[in-house]
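Colleague: below is the structure, and that's it, no one-letter string:
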């Protein structure tokens with residue numbers, strides 16, 4: 001648009017397109033118009049539509065709704081004030097079924113599951129005096145991700161057929177297939193870009209959870225989500241924009257949760273600890289609301305899970321361990337969540353041992369709490 005100064009000082013005449021330009025557009029420039037925006041301009045992801053960390057206090061109410069801004073496809077629960085297993089449910093293998101990330105157990109179908117159903121605007125919990133996701137007296141956290149819904153699409157890009165539920169905007173897919181124990185088998189993941197972290201489990205058998213990841217030096221390793229063990233050489237080719245290799249059991253029902261980094265919303269990678277309370281700064285490109293870490297080399301140590309819903313101000317101190325049933329703990333994962341990343345504020349080996357390598361995954365979101373007996377609150 002153009003603007004010209006009238007004879008009266010301080011009075012302006014603005015042209016917002018109602019008149020033709022007074023002069024020709026200079027060579028190499030275009031008018032300010034959405035039609036002239038670059039075709040490949042990246043979209044701005046609304047993080048609260050893709051991921052949320054929710055806290056609430058159980059009250060035994062049946063079919064209590066915990067509000068979200070999206071329909072969750074992966075929900076990971078942990079009791080914060082008592083020793084209890086983690087519970088993970090997804091909409092593809094069955095939202096009323098349970099996996100336990102801290103154990104090797106097969107997927108179960110409890111009579112009283114944590115989740116009854118998922119809706120476009122929240123998750124519906126079961127109550128129960130001793131089970132379910134809404135037991136009175138239990139302080140809970142639930143980490144929730146959106147994939148592509150419970151209806152999957154057949155993917156034939158790998159050497160075996162997979163079923164995928166894909167949210168390409170958020171770089172997340174849930175993948176299922178039948179195992180065949182062939183190390184050369186490839187699985188289509190549907191993300192159209194190379195994934196950074198793959199978490200997979202045999203849902204029909206007793207086996208470890210495998211976590212595959214790519215380090216800064218390009219090496220492709222794996223470790224176990226349910227143990228404190230260090231890295232193992234994956235023995236597989238790097239994943240591609242279409243497929244990944246896998247470790248599975250012949251005839252097993254397999255599920256994989258597959259992520260790639262998305263600018264402004266998620267970041268997966270590795271960092272070096274420095275053993276100092278003025279700790280390593282890890283750039284993400286956004287203010288994290290959730291950070292998961294694991295030491296990759298030198299020693300066995302726990303996983304840590306931190307979020308700004310349980311610790312809404314810096315330093316973010318409360319953390320949980322994916323490999324244990326323990327309650328909220330402090331100290332070993334203390335960090336600051338900053339505008340473009342996170343900075344370690346502890347000297348503990350779990351997250352900041354000098355010269356040790358750590359893997360991490362981080363997500364942005366808004367803060368969710370549920371202080372009332374019936375309703376959640378978006379803050």
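Modeller: That came in fine, so what should we check first? The structure presented is a predicted model; accordingly, all values stated were derived computationally and were not measured. Numbering: from 1, shown residues only.

Colleague: residue 223 contacts residue 232, correct?
Modeller: Yes. Look at residue 223 against residue 232 with Cβ atoms under 8 Å: they come within range, at 6.4 Å. For every residue, glycine as well, the C-beta is placed using N, CA and C.

Colleague: more neighbours, the two?
Modeller: residue 223 (22 against 13; other Cβ atoms under 10 Å).

Colleague: pretty sure the more buried one sits in a strand.
Modeller: Yes. The assignment for residue 223 is a strand, going by DSSP: H, G, I helix; E, B strand; the rest coil.

Colleague: what pairs with it across the strands?
Modeller: For residue 223, the beta-bridge partners under DSSP bridges are residue 211.

Colleague: ok, it - contacts?
Modeller: 210, 211, 213, 229, 230, 231, 232, 294, 296, 359 (Cβ atoms under 8 Å, 6 or more residues apart in numbering).

Colleague: and residue 287, how close does it get to residue 52?
Modeller: 15 Å (Cβ to Cβ, to the nearest Å).

Colleague: I should have written residue 271 there, sorry.
Modeller: In terms of Cβ to Cβ, residue 271 sits 25 Å off from residue 52.

Colleague: the more surrounded of those two?
Modeller: Ranked by neighbour count (other Cβ under 10 Å), residue 271 and residue 52 place residue 52 first, with 32 against 23.

Colleague: what strand or helix carries that one?
Modeller: strand 51-57 (DSSP states H and E).

Colleague: direction included, what does that strand pair up with?
Modeller: When DSSP bridges is applied, strand 51-57 pairs with strand 139-145 (antiparallel), strand 367-370 (parallel).

Colleague: which of those has the lowest mean pLDDT?
Modeller: Mean pLDDT values for the strands paired with strand 51-57 show the minimum at strand 367-370, a mean of 44.

Colleague: distance of the residue nearest to residue 90 when sequence neighbours are not counted from residue 232?
Modeller: The spatially closest residue to residue 90, leaving aside those adjacent along the chain, is residue 74, at 4.7 Å (Cβ to Cβ, 6 or more residues apart in numbering). Taking Cβ to Cβ as the measure, residue 74 falls 25 Å from residue 232.

Colleague: could you report the neighbour count for the residue nearest to residue 90?
Modeller: 21.

Colleague: beta partners for it?
Modeller: Beta-bridge partners, per DSSP bridges, of residue 74: residue 90, residue 145.

Colleague: report pLDDT for it.
Modeller: 98.

Colleague: tell me the contacts of it?
Modeller: 88, 89, 90, 91, 144, 145, 147, 172, 174, 257.

Colleague: right, I'll call it a day here.
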